[in-house]
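[1] Predicted structure and sequence below. I'll ask about it afterward.
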Amino acid sequence: MKIIVLPGDGIGAETVAVAVDALELVSQRYQLGLNLQHDIAGHASLKKYGTTIHEGLMESVKKADGLILGPMATYDFKDESKGEINPSKFFRKGLDLFANIRPAKTYAGSGTTYKPLDLVVVRENTEGFYADRNVESGGSEMLITPDVVVSLRRITRQCCERIARAAFELALTRKKHVTIVHKANVLRIGDGMFIDACLAVAKEFPTVQVDDVIVDAMMAHVVRAPERYDVIVTTNMFGDILSDLTAELAGSLGMAASINAGTTYAMAQAAHGSAPDIAGQNIANPFSQICSAAMLLTWYGQRKGRPEFVQASQALEQAVTQAIAAKESTRDMGGKLGTKETGQALLKRLAPTD
């Protein structure tokens, strides 16, 4: 499996380095033959090439089997004419990564005082309210007068159906329960279509329980009783907000793993930002990046019928769980270690014992 590795901005260099070490170890242990090819994007690329995405990078990614993208300083990149391309958006659109899958679960020993949860938010990733995903010519926000802005949302049946199918397929591997989150009481046509599409796909999965919840009520329900939920499927903006909430309920955004997956390509990217305020201080939690990389191995293994990749992914997740329980983690998860030391402790757990 060939993987392009882009460390990103801010804490990315630190957290991605730990994930790379972990991948190289499980590659050796499970004979995966991983080929990790390192490149740059974001500020490092802007400084070297005058653009955040240099020429030929997309072609390299398309020839690979997966992409690891570190956190990017998205807010810094405002003017594409000056080479300030948002790398996350660039790969998401260019590779048609329509499913943003974000798990959230609590870990014993993390110090979190909240209720146990183990759920996954499956977020539509290519349309919705976000202005960069709706109109071919550019953004879909319009300044009508100096004091009036109109923001458009695009919802298509095709995108609704494919994100629903991704959610139901995932549910078959878990507790067989899908919750549709929407705002159809107000957005009757768009979210009405989303619900209809999800229910139509649900007929293909008769063993999966289905229910639906209005998004504002869901924010309360997932706080009050997170154990009620398994797989949550929703539109873009709702999923973005809800997944940050569930990650924090699980203990820390530093555990917010995610994968952006499409029909042909997939990108592992921690769901948190580049955190420039703590970059270089050896305090960032690397587990979100490691767990994102593990999700990429699972995606590839299931797609290619390679169980050893799924086994390696499970070994990574198990080692993270054990490390947190043993307080071998950063402070946000109850430990006292730095980023690098957390990685070293994890590698000891991953090392073959025979």
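    Nice, I can see it. Residues are numbered from 1 along each chain as shown.
[2] Tell me the secondary structure at D212.
    Assigned by DSSP: H, G, I helix; E, B strand; the rest coil, the conformation of D212 is strand.
[3] Number of residues surrounding it?
    With neighbours defined by other Cβ atoms under 10 Å, the count for D212 comes to 18. Using the backbone N, CA and C atoms, a C-beta is placed for each residue, glycine as well.
[4] With adjacent residues omitted, what lies nearest to it?
    Sequence neighbours aside, I180 is the residue nearest to D212 in space, at 4.0 Å (criterion: Cβ to Cβ, 6 or more residues apart in numbering).
[5] Run through the residues that contact T246.
    Shown in contact with T246 (Cβ atoms under 8 Å, 6 or more residues apart in numbering): R102, A104, L117, L119, V121, V222, P226.
[6] So G139 versus T51, what's the distance?
    To T51, G139 is 20 Å away according to Cβ to Cβ, to the nearest Å.
[7] Between the two, point out the one with more neighbours.
    Taking other Cβ under 10 Å, G139 and T51 do not tie; T51 has more neighbours (16 against 13).
[8] Let's verify the more buried one: helix, strand, or coil?
    coil.
[9] Now do the end-to-end distance for stretch 329-343.
    8 Å (Cα to Cα, to the nearest Å).
[10] i'd like the first residue to be 8 from this point on
    That works, and once the first residue is 8, the last one we named lands at stretch 336-350.
[11] which ones are touching the residue nearest to K343 when sequence neighbours are not counted?
    Nearest residue to K343, sequence neighbours excluded (Cβ to Cβ, 6+ apart): K334, at 7.1 Å. The contact partners of K334, taken as Cβ under 8 Å, 6+ apart, are G116, G341, G342, K343.
[12] and stretch 266-279, C-alpha only, in CSV?
    Output in CSV follows, covering the C-alpha atoms of stretch 266-279 (Å, rounded to 0.1, in the frame of the first residue of the first chain):
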residue,chain,number,x,y,z
ILE,A,266,-11.4,9.6,7.4
ASN,A,267,-12.6,11.3,4.2
ALA,A,268,-13.6,8.5,1.9
GLY,A,269,-15.0,8.2,-1.6
THR,A,270,-15.5,5.4,-4.1
THR,A,271,-11.9,5.2,-5.2
TYR,A,272,-9.8,7.3,-2.8
ALA,A,273,-9.5,8.0,0.9
MET,A,274,-7.7,10.6,3.1
ALA,A,275,-6.9,10.2,6.8
GLN,A,276,-7.0,13.5,8.6
ALA,A,277,-7.5,14.3,12.3
ALA,A,278,-10.7,16.3,12.7
HIS,A,279,-9.0,19.0,14.8
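[13] Report the distance from it to the chain centre.
    Here stretch 266-279 is found 6 Å from its chain centre; the criterion is Cα atoms, centre = their mean, to the nearest Å.
[14] Pull out the buried positions in that stretch.
    I266, N267, A268, G269, Y272, A273, M274, A275, Q276, A277, A278, H279 (16 or more other Cβ atoms under 10 Å).
[15] still on that earlier bit, in terms of helices and strands, where is the residue nearest to D219?
    According to DSSP states H and E, I187 maps onto strand 184-189.
[16] Kindly state the beta-bridge partners for the residue nearest to D219.
    Applying DSSP bridges to I187 gives these bridge partners: D219, V240.
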